[in-house]
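> need a structure here:
(chains A and B)
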2 protein chains.
Amino acid sequence: MNVHSKGLAPVLSSSSAAASETADARTGEILAAARQAFAEKGFDGASMQDLARAAGMSVGNFYRYFPSKAAIVQALIALDIEDMARDFEPVFASDDPIEAMRQQVRVRLVQHQCNHDGALWAEITATALRKPEIGLACGLMETTIAGYLIQAFAAATGFSLEQARTRFAAHAALMVMLVKSSAMMPQKDEQLRHDLNAMILRIIDQTLDEIAASGAKG
Amino acid sequence: MNVHSKGLAPVLSSSSAAASETADARTGEILAAARQAFAEKGFDGASMQDLARAAGMSVGNFYRYFPSKAAIVQALIALDIEDMARDFEPVFASDDPIEAMRQQVRVRLVQHQCNHDGALWAEITATALRKPEIGLACGLMETTIAGYLIQAFAAATGFSLEQARTRFAAHAALMVMLVKSSAMMPQKDEQLRHDLNAMILRIIDQTLDEIAASGAKG
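Predicted coordinates for the structure are as follows:
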C-alpha cells in the first residue's frame, strides 16, 4: 500500500483522465448492451436489473451510470443523433447536396436492415407514444434529422433556412418516415423486401427531384 | 331456490344462448379494455393483472377468457382483420375498385388518427419484432390486408389473382406501410401533419394510378 501511495497524486491525476476514458468506454458498452436488451425485451420488459446484467454490472453500479431507463433511451437517441450528424457531413460538404443525400439514403436503408435497427426504433416509437419523456427525446431526434435535411435542402436550392423550412418540412418528415418504416419492416421474403425498398427509394428520389426543381424555379 | 329450480332446464337452455351472447359481449369489453391498456402501458408493461383490472374482472375469471397476452393480441388482430374485411366490401362491389380504394384510404387515414390506433399498432409492431407468436399474428394481418388489396387490383386490372400477386405485391405492401406509418406518426403540429398526409395520399394515388395503367397495358 505504501509503495502505491507514494505515487498517489500523479497516479490519481493520470488515472483521472484514464478513469474518464474508462467511464466513456463503459458507458458505450452499457448502451450497446441496453440497445440489444430493449430490442429483445422491449422498454417495459427490460428491467434495470436486466439492463445491469446485460452490461455485466451490479445494479448499484449501473445506477451510477444511468438513473433510469428513460435516461438510457435518451442517451441512445443522442448517439443516433451523433451518427446522423456524421452522415450529413459529406452532404453539407458536397457541391450537389441532393445527389449526396440520395447516396446516403441508399447506404442507410441497407445498413439499418443489416444492423436490425428497426427493432429498437419500433420499440422507441411505441414507447414515445405513451411515455412523454421518451416522446420528447424521440421528437428531438426527428426534429434534428428533419433540421439537417432542411439545411441540406436550403443549400441545394438557394432558399434561406426559414424558406426551406416552410416549403420542405413535410418533405423532410416524409423522408424520415420512409427510412424508419423500411427499417421497421418485419422480415418479409427477400424479393418483396427488395421490391418494396426499390419503391421507397423511388419515392425518395421523386421527393428530392421535386425539391431540386422547386429551387430552380425559386 | 325451489321456485327457481323448477324451471331449471328451460332456463338453462335459454340462458345458454344468452350466456353465449353475454360471453361475446364480455369478450368485446375485455378486448376494448386491453386495446387501451396495451396502448397506455405497452405489451410488456401491462400485466394480466392490469388487463383483468382494466376489464373490471378477477384475474381468475379473466384467464377463462384469455389464457395469455399473446392470445389477446391475436384476438385484437382478428378484430382488425374483420374491420378490414368490411372496409373492402364496397371496394369489391364497386365498378371502379381503384377509385373506391382511394376513397377508403382517405377515410381510413383520418379515422386511424382520430381513434389513436397508431399507439396500439406501434406497440404490436415493436412486439412482433421480438416475440415470434405476435410476429406470426401480425404477419397474418399484413398478409390478409395485402391479399385484399391484391384481389382488388386483380379486379381492377383484369389480371388473374396470381398475376396480380406477382406484379403488385410490393405496391400492396407499400400501401399498408404508408397507412400504418401515418397512424403511428407522433402528434406533430397540425400543418405538418396535414401536409405530410397530403403527400402520403399523393403517393398512394400514384401507386394506384400505376396499377390501373399497367392493367390497361396488360
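
> make it CA atoms for all contacts and neighbour counts henceforth
OK.

> Backbone dihedrals for the most centrally placed residue in chain A, please?
By C-alpha atoms, centre = their mean, the mean C-alpha position of chain A lies nearest to residue A:80, the distance being 2.2 Å. For residue A:80, the backbone dihedrals are phi -60, psi -40 (criterion: degrees, to the nearest 10).

> Give me the distance between it and residue A:141.
Here the criterion is C-alpha to C-alpha, to the nearest Å. By it, residue A:80 lies 8 Å from residue A:141.

> Please, which helix or strand holds residue A:168?
With the criterion set as DSSP states H and E, the secondary-structure element containing residue A:168 is helix A:161-184.

> Give the full set of residues in contact with residue A:93.
Taking C-alpha atoms under 8 Å, 6 or more residues apart in numbering or on different chains as the criterion, residue A:93 is in contact with no other residue.

> I'd like the distance between the closest residue to residue A:96 other than its chain neighbours and residue A:92.
When the adjacent residues along the chain are set aside, residue A:96 lies closest to residue A:156, with 6.7 Å between them (C-alpha to C-alpha, 6 or more residues apart in numbering or on different chains). Using C-alpha to C-alpha, one gets 9 Å for the distance from residue A:156 to residue A:92.

> try residue A:169
Note on residue A:169: its distance to residue A:92, by C-alpha to C-alpha, is 18 Å.

> Do any residues in stretch A:103-122 lie close to chain B?
Yes. Interface with chain B: stretch A:103-122 contributes A:119, A:120, A:122 (C-alpha under 8 Å from any C-alpha of the partner chain).

> Now restrict those to buried residues only.
Listed as buried from those are A:119, A:120, A:122; burial here means 16 or more other C-alpha atoms under 10 Å in any protein chain shown.

> circling back to that earlier point, buried residues, the helix holding residue A:168. List them.
Within helix A:161-184, the residues that qualify as buried by neighbour count (16+ other C-alpha under 10 Å) are A:161, A:164-165, A:167-184.

> if I pick residue A:208, what's in contact with it?
Shown here is residue A:208, whose contacts under the criterion C-alpha under 8 Å, 6+ apart are A:98, A:102.

> which SSE is it in?
In this structure, residue A:208 sits in helix A:190-217 according to DSSP H and E.

> Off-centre distance for that helix?
Going by C-alpha atoms, centre = their mean, to the nearest Å, the spacing between the C-alpha centre of helix A:190-217 and its chain's C-alpha centre is 22 Å.

> interface residues of chain A facing chain B?
For chain A, the residues in contact with chain B under the definition C-alpha under 8 Å from any C-alpha are A:39-45, A:119-120, A:122-123, A:125-130, A:169-171, A:173-174, A:177, A:181, A:184, A:186, A:192-193, A:195-196, A:199-200, A:203.

> Leaving out chain neighbours, which residue sits closest to residue A:171?
The shortest distance from residue A:171 to any non-neighbouring residue, by C-alpha to C-alpha, 6+ apart, is to residue A:207 (6.6 Å).

> My read is that that neighbour contacts residue A:170, right?
No. Here residue A:207 lies out of contact with residue A:170, judged by C-alpha atoms under 8 Å, at a distance of 10.1 Å.

> show me what contacts residue A:203?
For residue A:203, the set of contacting residues under the criterion of C-alpha under 8 Å, 6+ apart consists of residue B:203.

> Now do the helices in chain A.
Counting by DSSP state H, chain A has these helices, from start to end: A:2-6, A:8-41, A:48-54, A:59-65, A:69-93, A:97-115, A:117-128, A:132-157, A:161-184, A:190-217.

> So which of those helices is the most surrounded?
Highest mean neighbour count among those (mean count of other C-alpha atoms under 10 Å in any protein chain shown): helix A:117-128, with a mean of 25.

> Thought residue A:128 was touching residue A:43, still the case?
No. Distance between residue A:43 and residue A:128: 10.3 Å, which falls outside the contact criterion (C-alpha under 8 Å).
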